[in-house]
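Chemist: Take this sequence and fold it.
(chains A and B)
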Amino acid sequence: MTLAIIAVTAVTAGALGIGAWGVRVARTTSDLFVASRAVSPWWNATAISGEYLSAASFLGIAGLEMKYGASALWLPIGFAGGYLALLLFVAAPLRRYGSYTIADFVEARLADSRLRLLAACVVLLIGGFYLVPQLKGAGLTLGEVTGAPYWVGVVVVAAIVALNVALGGMRGITYVQAFQYWVKVFAIALPAFLLVAHLGGLPGRAALLGRELPRAGAHGLVVQLDRPRTVTFPEATRFRIERAQGTARAGEAVQLPRGDLVLPAGAAVPVAAGIRAQRGEDWARPVADGGRASPLFVYSLLLATFLGTMGLPHILVRFYTNPDGPAARRTTVRVLGLLGIFYLFPGVYGALGRVLVPELYVTGQTDLVVLRVPEAAWPGLGGELLAAVVAAGAFAAFMSTASGLLVSLAGTTSFDLWGHLRRHQGERPAPGRLAPFRIAAVLSMTLPAALALMTRELDISVLVSWAFALAASTFCPMLLLGIWWTRLTARATAIGMIAGAVTATGAIVAALVAGNEANDTVLAQPAVFSVPIAFATMIVVSLIGRPVAGVDIHMRALHAPEGLGIETPLRTHA
Amino acid sequence: MAAPLTAREEVRQDTAHGGLYLRRLRRAQLGVSLLALVVFAGLLGALPLVILLVERLRDIEVFGVPAAVGLVVVPPYVLLVALGWLYERRANGLDSAFRELLDDDEP
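Modeler: Residues are numbered from 1 along each chain as shown, chains lettered A, B, ... in the order given. Down below sits the predicted model:
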C-alpha cells in the first residue's frame, strides 16, 4: 500500500514537474502552435495516445469484461478504430484548414457565429460526460491505494487537475502526455506479463472457458459489504453475514445488511444487481444471441466509438501540433499502432480477475479489477510492487485525460461562451487573458465532480460510451459533411446536431430511468439509430436550403495539398 | 487578351478550371478513404457474425485462448495499422500526383 502511494505520487509529481517546466513556453491558447514546428510525428502520436488512454481504457475495459464477458473486448477496438475514421476523413483536411477547435471549424466553414455557440454547448456536454468517469476512476483508485472514502479521491483529484490547469500546467504540453503514454503502457503490460508467467498461464479455466461459475477458493471467501446490498445466488448456498447464518435457494435474490459476508469453500459467488451469473463458456463468448453480446449491440458500440472519437473535444486540438496535412496523417497512423499495443493487455486483467477476485461480483465494483488482481495473483512483495505499478498507471490515465478535457472545457467556456457574451456587449475580446480561463477551469470541474459523486455505481466504460455516442451523433456528421460535402448549410448543421444530441441523450436517459433491464438493449447504446438520424437530418435540411457562399474557397483550404503557394485567409493564421 | 494561366495559377486564383482540378482531387481522395472504410467495415463487420455462426471457433485454442476470443484481441489492431499505413501512402501519393500535374504545366 505504501509502495502504491509512493508510485502514484511519483508519477503525478513527474507529470506536474514536466508540466511546470513547460509552462514558460506555454501561456496562451496559441501554445500548441508555438511548439508545433518542433514536434515530430512520433512525439505527437505518443502524446495523442497518452492523452487518449483514459480511465475507461485502463480500468474500465477489464472491469466491463469481468462483469459482462468477452463481449467487452469490442470496446477497445472501437476506441482505436476511431483514429482510423479520423485518419481517413478528418486529420489532413482539418489540419490544412487551420481550425484550432471544433467551434472554430464550424464557425469558419459555415459562416455563422450562432453555430459556434451551439457547438460550444455540445462540447461542454460531451466533455462533461467524459470527465465524470475519469473522476470516478480517481475516486476508486485513491480509495484502493489509501483506503480513503470514494468522495475523497474524487475531490482531491478534481482539485489537483483544476488547480494545475488553472495555473497553466499540463496545457497542451506534448512531453507530459508522451510521458504519460509510456507510464500507462508499462503499467498495464509489465504486470500482465509477469502475473501470467507467475501463475503459469490462465488459472481457473473452467470458470473462464468451461461450464463453471466463479467460486470461492479453498479457504472460502470473505466479502466486506460497505452498505446493504441485494445479491443473487446462482446456486443454493449457505452463507454467514457477520454472526448470522443464512441460506439462499438457487436464483434467489437476498437483501444483505452491511458487514462481512462469508462464503464456504467452493460456493458459487453471488452477483450484485445488474450482473448475470455466467458459466465460463458463456462468459468467454465475444458475440452471442442476446443482451450486451448481441450483434446489434456490438455494432452499435463499434459505430459509436468509431465515429465518436473525432468529436471528443480534447482530441482534435492535439492534431493542430502537426505542421501540415501529411504530418497529420503520419501521426494518426502511429497513434493506431501505439493504441493497438496498449489494448492487447486490459483483457488479461478481466480474465484473471474473474477467477482471482470474484468478490467484485458481489459488490458489482468490477472497475477495481485491474487494481486488485496483482496482489491476489501474487501474494507478497511481487504482487505489492505490481499493484503499485498499475495504480500509478491508472493515475496517469485519468490525470492526463482529465487535464486534456478540462483545458478544452475551460477554453470553450471562457472563450466561446463568456467571450461571446462580452463581444455582444461591445467589448473587444482579449485573447490570451488568463483570468476568465482560470475561473472557467474551476467551474468546469465542479459539475462533473458532483456528478461523479452521484454515479458511484455506474461503470466507467458505460459512462464513457455515452460520451462517444453523443459525439458520434453531433460532431461526427458535422465534420464529415462539412469537410467533404459542398452543400451543407448552417441551419442544417444546427438542426442535425440538435436532433442527434436529443435522440442520443433521450435514449440514454430512458435507459437510465428504465434501470437494469434496459442496460442490455440498444437504448443504452443508441449510436446505431442516433447517428443515421443526425446524418439524414443534416443532408435533407441542407438540400432544401441554399449552399454557403464561397464554398469552393473552403474546399480549397481543406483539400489543396501543401506547396502550391496557396495562402488562404484561413490558413495564414496557422 | 492576357496570356493563358498555368494550372497552378488556375488553382491559386480559384478559376473555373482550378476548381475543376481541385474537385477531381477531392473526389479521388474521398474515393480512397471510402475504399479503406469499406474494406475495414467489411472485415471488422464480418467478424461478429463469423464468431457467432462458426461454432468451432470456440473449441479451437490458440496459446490457450479460444480462437473466438483471440480473433477479437489481436487481428483488429493489426488490420487498423495495416489499413492506416496503406491509406497514408495512397493519399500522399494522390497529393503528390496533383502537385506534379500542376508543375508539368509550368511554362
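
Chemist: Which pLDDT value goes with residue A:31?
Modeler: Here, the pLDDT recorded for residue A:31 equals 49.

Chemist: do stretch A:200-210 and chain B meet at all?
Modeler: Yes: judged by C-beta under 8 Å from any C-beta of the partner chain, stretch A:200-210 comes into contact with chain B at A:201, A:202, A:209. Every residue, glycine included, has its C-beta placed from N, CA and C.

Chemist: Check stretch A:318-329 too.
Modeler: Yes: using C-beta under 8 Å from any C-beta, stretch A:318-329 comes into contact with chain B via A:325, A:326, A:329.

Chemist: List the buried residues of the biggest helix by length in chain B.
Modeler: Criterion DSSP state H: the longest helix present in chain B is helix B:16-53. By neighbour count with 16 or more other C-beta atoms under 10 Å in any protein chain shown, helix B:16-53 contains the buried residues B:18-19, B:21-22, B:25-26, B:28-30, B:32-33, B:36-37, B:40, B:44, B:47-48, B:51-52.

Chemist: which helices and strands does that helix pack with?
Modeler: helix A:74-85, helix A:295-308, helix A:551-559, helix B:7-12, helix B:67-73, helix B:75-104 (3 or more C-beta pairs under 8 Å, 6 or more residues apart in numbering or on different chains; DSSP states H and E).

Chemist: Could you check which residue of chain B lies nearest chain A?
Modeler: Residue nearest to chain A within chain B (C-beta to the nearest C-beta): residue B:77, separated by 3.3 Å.

Chemist: Residue A:340 is in contact with that residue, correct?
Modeler: Yes: if you go by C-beta atoms under 8 Å, residue B:77 and residue A:340 touch, sitting 3.3 Å apart.

Chemist: overlap in contacts of the two?
Modeler: residue A:80 (C-beta atoms under 8 Å, 6 or more residues apart in numbering or on different chains).

Chemist: hang on, residue A:222 in a helix?
Modeler: No: counting by DSSP: H, G, I helix; E, B strand; the rest coil, residue A:222 is not part of a helix but strand.

Chemist: Okay, it and residue A:369: tell me how far apart.
Modeler: 18 Å (C-beta to C-beta, to the nearest Å).

Chemist: Would you mind telling me which of these two has the busier surroundings?
Modeler: residue A:369 (27 against 12; other C-beta atoms under 10 Å in any protein chain shown).

Chemist: residues touching that one, list them.
Modeler: Residue A:369 is in contact with A:59, A:62, A:63, A:66, A:349, A:350, A:353, A:357, A:360, counting by C-beta under 8 Å, 6+ apart.

Chemist: let's go with 6 Å and repeat that
Modeler: By C-beta atoms under 6 Å, 6 or more residues apart in numbering or on different chains, the residues touching residue A:369 are A:62, A:63, A:66, A:349, A:353, A:360.

Chemist: Which residue, other than its chain neighbours, is closest to residue A:113?
Modeler: Distances taken as C-beta to C-beta, 6 or more residues apart in numbering or on different chains place residue A:107 nearest to residue A:113, at 5.9 Å, with adjacent residues excluded.

Chemist: pretty sure that neighbour is touching residue A:116, no?
Modeler: Yes: with contacts counted by C-beta atoms under 6 Å, residue A:107 reaches residue A:116, the gap being 4.0 Å.

Chemist: Mind giving me the packing neighbours of the helix or strand hosting residue A:198?
Modeler: Using DSSP states H and E, the element containing residue A:198 is helix A:174-199. Helices and strands in packing contact with helix A:174-199 are listed as helix A:2-23, helix A:41-52, helix A:369-377, helix A:381-411; criterion 3 or more C-beta pairs under 6 Å, 6 or more residues apart in numbering or on different chains; DSSP states H and E.

Chemist: looking only at pLDDT, what's the mean for the last one?
Modeler: Per-residue pLDDT values over helix A:381-411 give a mean of 88.

Chemist: and what of the shortest one?
Modeler: Over the span of helix A:369-377, the pLDDT mean works out to 91.

Chemist: okay, the angle between it and helix A:381-411?
Modeler: Helix A:369-377 runs at 170 degrees relative to helix A:381-411, counting by axes from the mean of the first three to the mean of the last three C-alpha atoms, to 10 degrees.

Chemist: Now do helix A:369-377: distance to the chain's middle.
Modeler: Its chain's C-alpha centre and that of helix A:369-377 lie 22 Å apart, by C-alpha atoms, centre = their mean, to the nearest Å.

Chemist: One more: stretch A:551-559?
Modeler: For stretch A:551-559, the distance to the chain centre is 33 Å (C-alpha atoms, centre = their mean).

Chemist: ok, how many other residues are close to residue A:353?
Modeler: Taking other C-beta under 10 Å as the definition, residue A:353 ends up with a neighbour count of 27.

Chemist: Stretch A:471-481 near chain B anywhere?
Modeler: No: applying C-beta under 6 Å from any C-beta of the partner chain, one finds stretch A:471-481 separated from chain B by no less than 10.0 Å.

Chemist: So which residues make contact with that stretch?
Modeler: By C-beta under 6 Å, 6+ apart, stretch A:471-481 touches A:89-90, A:102, A:122, A:126, A:304, A:307-308, A:310-312, A:488, A:493, A:496-497, A:500-501, A:504, A:527, A:530-531, A:534-535, A:538.

Chemist: Could you tell me which residues within stretch A:370-388 count as buried?
Modeler: Applying 16+ other C-beta under 10 Å to stretch A:370-388 flags A:370-378, A:382-388 as buried.

Chemist: give me the low-pLDDT residue ranges for chain A?
Modeler: In the predicted model, chain A carries pLDDT under 70 at residues A:1, A:18-38, A:168-173, A:423-434, A:515-520, A:565-574.

Chemist: got the residues of it near chain B?
Modeler: So chain A meets chain B at A:70, A:73, A:77, A:80, A:84, A:87-89, A:201, A:284, A:286-287, A:295, A:298, A:326, A:329, A:333, A:336-337, A:340, A:347, A:484, A:552, A:556, A:559, A:561, A:563, A:566 (C-beta under 6 Å from any C-beta).

Chemist: Leaving out sequence neighbours, find the closest residue to the residue in the stretch 51-200 of chain A positioned nearest to chain B.
Modeler: Shortest the stretch 51-200 of chain A-to-chain B distance, computed as C-beta to the nearest C-beta: residue-wise this is residue A:88, at 4.1 Å. Setting aside the residues directly before and after it, residue A:88 is nearest to residue B:33 in space (C-beta to C-beta, 6+ apart), at 4.1 Å.

Chemist: thinking again about what came up before, quick one: which of the residues of stretch A:200-210 next to chain B is the most crowded by neighbours?
Modeler: Within these, neighbour counts (other C-beta under 10 Å) peak at residue A:209, which reaches 24 neighbours.
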